[in-house]
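Participant: pasting the sequence and the predicted model now:
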Amino acid sequence: MNTSAGEALTFQEARRQYDRLRAAYLAEKISAAEFQAAADRILVVDENGQMWQIGVSSGKWYRYDTGQWVEAAPEALPPRPPETLDEEQLKQQPPAPEMLADLALARPTFKFRKVYLWILVPLALLVGFACWLLALGAAGTAGMVAYIWRDAPTVTFTPTNTITPSVSPTPTRTHTPTRLPSLTATITLTPTQTKTPRPTPLPSQEPTTAPNLMLRAPEGPWLLMKTSRGLYVLAPDGTELTLITDETIISPDSIQSAIAPKGGRIAYITEDEDSRVYGLTLHIVRLPDLVEEQSIALIAREAEGNTSRRSSEAVRAISEQNSLAWSPDGKSLAFIALMDAPSADVYVYSLETGETTRISEDTNQEFNPQWSPDGSHVVYFTASAFGDGESLTMRGAYAAPPFENSGRVTLYSAATQGEELAGWAAPREALFYSRDPDCGGYNLRRINVETALSTSLTGGCFNDIAVDPGSGNVMLTVDEDLKEDCSCASQPLNAGMYFIPGSMGLPRSLSTEETVGVYWQPEARLFYVTTYDDELLAITPEQVSFDIPASVAGMLPEISPVSGVWAWSSSEAGSQAGIWVGTRSSTPRQIFDRPASFPRWGAQGRRLLFTSGLSLYVADEPEFVPFPLTTLPGTLLEAAWVVK
């Protein structure tokens, strides 16, 4: 530890110094290494010669007692401080009680050399004498002081407020969630040779369970992580790994759908293994205090004993389909439940009033609710049976205003094997298509959810579709088999890529190459298209091909919305393995050369988090040197930010 006699502060001032440093780190003003080094230099010594220090990761006080740091609370009326630290105390000062989230960081270590003692000892006495004079003038104010070393970085920020936690217990059944598919294609090409730093392996950070906890980052954001061992949340600095639940989460399919756009809330549905499929419960949890605001049983008691086929299909509408959706303002949640009818219906829960409103009325099974961008309507589908999960018996699509049990609009009736909402061309203009399990999508049309006015865009089959919600631009991918073997051959689309500007008019052919998948990247403003040769193409909204650097070919980027820096990851072993960073116009450079995944940018867009195996890393711009933060309790399946 880098130590020398320092400036005396009251105990409260010392705490404020730590809070300011932590706030600076959360705001990405200082790096993990700078935070560790600065907090490491804050020391408290009482009149009995006992040393105290704040744990950099937990923010708790530790007292050095019989050769080890022990968590303890400073006395309410501590004794008066010593006049200064003598040389023996400085030599005996132990290492810090904590590393930042148990980081294996290289801390600067100051060693006293005899050649400097003739300078340091008089200087220490001089500063100590000045501190003693100040202490005499402030007698009775505070009896414990902190010595904060002058070579620590100086940061001026508002301290983090202290809040008293109050949370209900969380069940603790172990389960293994289903692994979700990755969007990253796996292409093996030779990258540009780059020298890459290798971080030191790290010890595990023991996760904490949610009861009686408050995350110490009250403004967020918080990283929500779905792992093979449960649902966890992490503070923005990579600390406070906290288990929310290890129950089986059956909905939603995507963790992003569980997160409210605003308000710091998450929602998910669990299944009680003891009650089989009837133990379905909707949970709404608020961050940062981890309070479960609502727990709603989705199967009414009178329906539990009903074994009819209709009730069984209703349970499947909840457990096997997308069955919840947040409103754009994060104040309402639409969900599917079997409460007061023999079929599954759509309900809307208001966080402001605490009221739940049923907005559908049908003898068939409602599923897959989705909000219009302006929050004026909830769109949902109906089916009489769900078959094998791929081939449904559809009945139609509907739209209804929230919090009203009247005003439902029938958008269309359909006797198909599947219907999908591809996206939104305008706040109340949705893009729908039919789906065949063997032939993909077909019969793409644009429908007004208020008037049900429909405009056909194409009847031909396509593999995949992506929509830019800002412009309404649509990209379709088609392969040769769809044209030859499917029932939509009466309106064939030749193999290739197709573009529909503004969701208006007929598809325009951009290429005759057979293509499979397509994905819209909003920060890059690019359509990414995959081919049968596992090649990844990028197309601009102006329908121009965008060159992808060879070193990151086949990888989808994660782009900082603030700094505009791009990050690519590859979890496959080989020359492309690891993390790469760059910009739209610069050559990517490799910052980590082992298999890695899930790059996510911090709130300020200057800090990159990613995983390699079970290890979570952080890298700060501009150098982006990776530091290990913690070891995750299980394989990471998905990760997304929760914002307040």
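Facilitator: It's in.
Participant: partners of Trp52 in the sheet?
Facilitator: For Trp52, the beta-bridge partners are Val44, Arg63 (DSSP bridges).
Participant: touching, it and Asp65? I think so.
Facilitator: No - look at Trp52 against Asp65 with Cβ atoms under 8 Å: they stay out of range, at 10.2 Å. Glycine gets a C-beta too; all of them are placed from N, C-alpha and C.
Participant: who touches both of those two?
Facilitator: Contact with both Trp52 and Asp65 is made by residues Ala72, according to Cβ atoms under 8 Å, 6 or more residues apart in numbering.
Participant: out of those two, which sits in the busier spot?
Facilitator: Trp52 (22 against 11; other Cβ atoms under 10 Å).
Participant: please list all residues in contact with the more buried one.
Facilitator: By Cβ under 8 Å, 6+ apart, the contact list for Trp52 reads Leu43, Val44, Val45, Asp46, Trp61, Tyr62, Arg63, Tyr64, Ala72, Pro74, Met144.
Participant: one more pass at 6 Å, please.
Facilitator: Going by Cβ atoms under 6 Å, 6 or more residues apart in numbering, Trp52 touches Val44, Trp61, Arg63.
Participant: how about the second one, phi and psi?
Facilitator: Pointing back at Trp61 there. For Trp61, the backbone dihedrals (degrees, to the nearest 10) come out as phi -90, psi 140.
Participant: how close does it get to His283?
Facilitator: Counting by Cβ to Cβ, to the nearest Å, the separation of Trp61 from His283 is 34 Å.
Participant: now swap in Thr515 and tell me
Facilitator: From Thr515 over to His283 (counting by Cβ to Cβ), the distance is 40 Å.
Participant: which one of the two has more residues nearby?
Facilitator: Thr515 (26 against 21).
Participant: for the more buried one, which non-adjacent residue is closest in space?
Facilitator: Spatial nearest neighbour of Thr515, excluding adjacent residues (Cβ to Cβ, 6 or more residues apart in numbering): Thr477 at 3.8 Å.
Participant: surely the one you found touches Tyr519?
Facilitator: No - the pair Thr477 / Tyr519 is not scored as a contact, 10.2 Å apart, by Cβ atoms under 6 Å.
Participant: more neighbours: which of those two?
Facilitator: Using other Cβ under 10 Å as the criterion, Thr477 and Tyr519 rank with Thr477 on top: 28 against 16.
Participant: now the more buried one. Its backbone dihedrals?
Facilitator: Backbone torsions for Thr477, taken as degrees, to the nearest 10, come to phi -120, psi 140.
Participant: now the one 3 residues further on
Facilitator: With angles defined as degrees, to the nearest 10, Glu480 shows backbone torsions of phi -70, psi -40.
Participant: dump the residue contacts of the closest residue to it other than its chain neighbours.
Facilitator: Distances taken as Cβ to Cβ, 6+ apart place Ala495 nearest to Glu480, at 4.4 Å, with adjacent residues excluded. Contacts for Ala495 were tallied using Cβ under 6 Å, 6+ apart; they are Val478, Asp479, Glu480, Glu514.
Participant: equivalent analysis for Arg358, please.
Facilitator: Asp345, Tyr347, Asn405.
Participant: okay, and the beta partners of it?
Facilitator: Beta-bridge partners of Arg358, as defined by DSSP bridges: Tyr347.
Participant: against Gly55, how distant is it?
Facilitator: Distance from Arg358 to Gly55, counting by Cβ to Cβ: 50 Å.
Participant: repeat for Gly418
Facilitator: Separation of Gly418 from Gly55 (Cβ to Cβ): 54 Å.
Participant: ditto for Ser471
Facilitator: Look at Ser471 and Gly55: by Cβ to Cβ, they are 50 Å apart.
Participant: look at those two and report which has more neighbours.
Facilitator: Higher neighbour count among Ser471 and Gly55: Gly55, with 18 against 13, using other Cβ under 10 Å.
Participant: contact partners for Pro382?
Facilitator: Not Pro; residue 382 is Thr. For Thr382, the contact set (Cβ under 6 Å, 6+ apart) comprises Asp362, Asn364, Glu366, Arg395, Gly396.
Participant: what do you get for Ser343?
Facilitator: When contacts are counted by Cβ under 6 Å, 6+ apart, Ser343 touches Ala314, Thr363, Gln365.
Participant: to which secondary structure element is the closest residue in space to Thr356 that isn't next to it in sequence assigned?
Facilitator: Among residues not flanking Thr356 along the chain, Tyr349 sits closest, at 4.8 Å (Cβ to Cβ, 6+ apart). Per DSSP states H and E, Tyr349 falls inside strand 345-350.
Participant: may I see the buried residues of that strand?
Facilitator: Buried residues in strand 345-350, counted by 16 or more other Cβ atoms under 10 Å: Asp345, Val346, Tyr347, Val348, Tyr349.
Participant: export these to TSV and tack on distance to Ile500 and pLDDT?
Facilitator: Below are the buried residues of strand 345-350 laid out as TSV (distance: Cβ to Cβ, whole Å; pLDDT from 0 to 100):
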residue	distance to Ile500	pLDDT
Asp345	34	95
Val346	30	96
Tyr347	35	96
Val348	32	97
Tyr349	36	96
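Participant: can you show me the CA trace of stretch 286-295 as CSV?
Facilitator: Provided in CSV are the C-alpha atoms of stretch 286-295 (Å, rounded to 0.1, in the frame of the first residue of the first chain):
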residue,chain,number,x,y,z
ARG,A,286,-38.3,-3.4,-8.5
LEU,A,287,-34.7,-2.4,-8.5
PRO,A,288,-32.5,-1.3,-6.7
ASP,A,289,-34.3,-2.5,-3.5
LEU,A,290,-35.2,-5.9,-5.1
VAL,A,291,-38.7,-5.7,-3.7
GLU,A,292,-41.3,-8.1,-5.3
GLU,A,293,-44.0,-5.6,-6.0
GLN,A,294,-46.5,-8.1,-7.3
SER,A,295,-46.9,-11.9,-7.3
